[in-house]
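J.: I would like to see how this sequence folds:
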Amino acid sequence: MMNNTNQEQQQQNQLQDAHLEDDEIQRLVLEAPWFRSCQRLCAYISCSVLREVDTAKVLAESLANPAEDGNLQMRKKLYVPRVEDKNRNMRMLNISRLDDLIANSMDILEPAPVDGDGNEREDVMQANDPVDLFILPGLAFDRSGRRLGRGGGYYDNLLTNYKALAEARNWKQPLLVALSYSVQIVDEESISVTPSDVPVDALVSPSGVIPISSVALERMTV
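T.: Sure, this is the predicted structure:
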């Protein structure tokens, strides 16, 4: 009985620590100049069961209408993921409100392919303008930019395709930023990589923003 009580208390403490880190990580993102200035972004829909940093506040802020608060900044255009099959095919579709999200068969929120009026949602790969920022999840990260996903390769496949599209259209490459709990940052070379793995430009953890690539060092104000 004592062991069960200790285990339950430990789990509660871990959940509380994660909640505090969620708030701090999102605060750092929301206050960052590179987030505030971006006009179009792709961001994941967090799932606590998957041990992902919460993105609820980031999504809500991206979809907010700044004009209502007297802010002259333009509203951001937000794309969120929809998994199409088990063959690494994932799309980023535009949504205009959180009510556009529905639970899939795994109880993970994602956008329906069409909106309430029956119109197809815009796919980021067919958009006429580039995105400035990708906000990415993961299981573990190191300070050289390596990201450990869930083994499906969905994000690496999407990022590879989008980076090739940006290069073909002579667009500036998007900033790739991963959100990480403290315990998810591991020693360098602890994460094995393959040629198809796409490194991130920067990490955001509760201790701050960690720029990694030359792109991040150029664009981020730390």
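J.: can we go C-alpha only for contacts and neighbour counts from here?
T.: Fine.
J.: For residue 41, which non-adjacent residue is spatially closest?
T.: Of all residues not flanking residue 41 in the chain, residue 133 sits nearest, at 4.7 Å (C-alpha to C-alpha, 6 or more residues apart in numbering).
J.: ok, that neighbour - how many residues close by?
T.: The tally of other residues near residue 133 (other C-alpha atoms under 10 Å) stands at 20.
J.: For it, give its distance to residue 212.
T.: Residue 133 sits 15 Å away from residue 212, going by C-alpha to C-alpha, to the nearest Å.
J.: try residue 77
T.: For residue 77, the distance to residue 212 (C-alpha to C-alpha) stands at 26 Å.
J.: show me what contacts residue 113?
T.: Applying C-alpha atoms under 8 Å, 6 or more residues apart in numbering, we find residue 113 in contact with 93, 120-121.
J.: at 10 Å instead, please
T.: Counting by C-alpha atoms under 10 Å, 6 or more residues apart in numbering, residue 113 touches 82, 84, 91, 93-94, 100, 119-123.
J.: Same question for residue 61.
T.: By C-alpha under 10 Å, 6+ apart, residue 61 lies in contact with 30, 36, 55, 75-76.
J.: Then residue 185?
T.: 139-143, 146-147, 203, 205.
J.: at 7 Å what do you get?
T.: With contact set as C-alpha atoms under 7 Å, 6 or more residues apart in numbering, residue 185 has these partners: 140-142.
J.: Quick one, which of those are buried?
T.: 140-142 (16 or more other C-alpha atoms under 10 Å).
J.: Just give me the closest of those residues to residue 160.
T.: Nearest to residue 160, judged by C-alpha to C-alpha, of those is residue 141 at 18.5 Å.
J.: can I assume that closest one is in contact with residue 149?
T.: No - Residue 141 lies out of contact with residue 149 (C-alpha atoms under 7 Å); the separation is 9.1 Å.
J.: Closest one of the buried ones among the contacts of residue 185 to residue 166?
T.: Proximity of those to residue 166 (C-alpha to C-alpha) peaks at residue 141, which lies at 24.9 Å.
J.: Per-residue pLDDT of that closest one, please?
T.: Note on residue 141: pLDDT of 95.
J.: what's the answer for the one 3 residues further on, then?
T.: Per-residue pLDDT puts residue 144 at 93.
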